[in-house]
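Q: Need the 3D shape of this:
(chains A, B and C)
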Amino acid sequence: MKSFTREISLTIPTRRAIHSIHQEVADMVRESGVREGLCLVNAMHITASVFINDNESGLHHDYEVFLERLAPHAPVEQYQHNGSEDNGDAHIKRQLMGREVVVAITEGQLHLGPWEHIFYYEFDGRRRKRILVKIIGE
Amino acid sequence: MKSFTREISLTIPTRRAIHSIHQEVADMVRESGVREGLCLVNAMHITASVFINDNESGLHHDYEVFLERLAPHAPVEQYQHNGSEDNGDAHIKRQLMGREVVVAITEGQLHLGPWEHIFYYEFDGRRRKRILVKIIGE
Amino acid sequence: MKSFTREISLTIPTRRAIHSIHQEVADMVRESGVREGLCLVNAMHITASVFINDNESGLHHDYEVFLERLAPHAPVEQYQHNGSEDNGDAHIKRQLMGREVVVAITEGQLHLGPWEHIFYYEFDGRRRKRILVKIIGE
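A: Numbering: from 1, shown residues only, chains lettered A, B, ... in the order given. Reported below is the predicted structural model:
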């Protein structure tokens, strides 16, 4: 069995943003040398998500509107978590969008449908965060 | 390490429906010959989900009502994604229900609780879609 | 390839509660002897979740408020699933919080970010439930 481990570091300059990590992950799969296996990609921070959906800016706007309607950032006092912080909404939004994706590797490549694209969703940015890529297989 | 890869193709005749893929996946686990491992099942399209819950029609109705209340299909103009499409709601519903499940394989079988049942949830049907089953283990 | 399988049994005395299973899972990873691999942790019941977020009671209160607002327990008649049961809300809440987490194992330990903590979320307790931990790797 082969394994491959890499952390991606990034700082999103705004509070929230959707950021493509697709090419980086695809490159790591090639670098790993794994032909058949599984690739786990997860946010290492609990106010961020990794998800797979369309690379289309209108949809990304719709996600923003949807999540902000369900768990608005302000007023920050609505969340008990916000004693000394202001990111209570971010912990909820991340649960709705998910922590991780697991993607199959077949014949040395990410095995994805035609429009599947891997994104990082930051809900409390402006500081350094990490994403983990773990590949196992043969 | 053994691996097994299979795509399930299907066309749901309505816009939305919950469709059992449980037996097909269980059969693939047996066919794979894997005794101990993991089985990934994911929608390959970004307007559909794979999820595990109860095989009970009342609950499936409740999911429909819940998702349609949170992210209604109409009016389609409420979603920026719907420039030339009308499936903005489907991309949101799929995030709430999830893209994938990862199920343990123990002693050659899906290792599931008493009521766990694997479903495909179509949110924008009436065209051919695919589901991926990837098994790794020994 | 090594594999490790263990079910955790527990009875939550209230209808809903967030319960840490972090240390138990970390101990199993050590016991498994796997140095590089993946660790799947999933609820075996369909009215419960396994999720990763902050070990902070204010946030756990916020999750309760959020989920109860989106899918309230009462009136129970609002859910078709509640013919002879009263847990329709629990099946919805569990979908929002997720069934499972997949965590990387690196150098013999759970590979987690600084605040990642593994929890079980019970939505219909007062009876015995199970959680599955499956580890594969080398």
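Q: Is the residue nearest the centre of chain A bridged to anything, and to what?
A: Most central in chain A under C-alpha atoms, centre = their mean is A:Val50, positioned 1.8 Å from the mean C-alpha point. Applying DSSP bridges to A:Val50 yields these beta-bridge partners: A:Tyr120.
Q: Which residue ranges of chain A form strands?
A: A:2-11, A:17-20, A:37-43, A:48-53, A:100-106, A:109-110, A:117-122, A:128-137 (DSSP state E).
Q: May I see these arranged in TSV, with mean pLDDT as well?
A: Listed next are the strands of chain A as TSV, based on pLDDT from 0 to 100:
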stretch	mean pLDDT
strand A:2-11	98
strand A:17-20	98
strand A:37-43	99
strand A:48-53	98
strand A:100-106	99
strand A:109-110	98
strand A:117-122	98
strand A:128-137	98
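Q: Adding distance to C:Gln23, write these out as CSV.
A: (Glycine included, C-beta is placed from N, CA and C.) Shown next, in CSV, are these (distance: least, C-beta to C-beta, whole Å):
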stretch, distance to C:Gln23
strand A:2-11, 23
strand A:17-20, 33
strand A:37-43, 20
strand A:48-53, 24
strand A:100-106, 21
strand A:109-110, 34
strand A:117-122, 29
strand A:128-137, 21
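Q: Out of those, which is closest to C:Val65?
A: Nearest to C:Val65, of all the strands of chain A, is strand A:48-53, at 20.8 Å by C-beta to C-beta.
Q: helices and strands around the closest one, which ones?
A: Packing contacts for strand A:48-53, counted by 3 or more C-beta pairs under 8 Å, 6 or more residues apart in numbering or on different chains; DSSP states H and E, involve strand A:37-43, helix A:88-97, strand A:100-106, strand A:117-122, strand A:128-137, helix B:88-97.
Q: May I see those arranged in a markdown table, with distance to B:Trp115 and mean neighbour count as well?
A: Formatted as a markdown table, those follow (distance: least, C-beta to C-beta, whole Å; neighbours: other C-beta atoms under 10 Å in any protein chain shown):
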| stretch | distance to B:Trp115 | mean neighbour count |
| --- | --- | --- |
| strand A:37-43 | 26 | 25 |
| helix A:88-97 | 23 | 25 |
| strand A:100-106 | 23 | 23 |
| strand A:117-122 | 31 | 23 |
| strand A:128-137 | 30 | 22 |
| helix B:88-97 | 17 | 25 |
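Q: Residues of chain A that sit close to chain C?
A: Contact residues, chain A versus chain C (C-beta under 8 Å from any C-beta of the partner chain): A:1, A:3, A:5, A:38, A:40, A:42-46, A:70-71, A:79-83, A:88, A:91-92, A:94-96, A:98-100, A:102, A:130, A:132, A:134, A:136.
Q: Find the nearest non-adjacent residue to the closest residue to chain B within chain A, please.
A: Relative to chain B, the nearest point of chain A is A:Gly113 (3.1 Å; C-beta to the nearest C-beta). Nearest residue to A:Gly113, sequence neighbours excluded (C-beta to C-beta, 6 or more residues apart in numbering or on different chains): B:Met44, at 3.1 Å.
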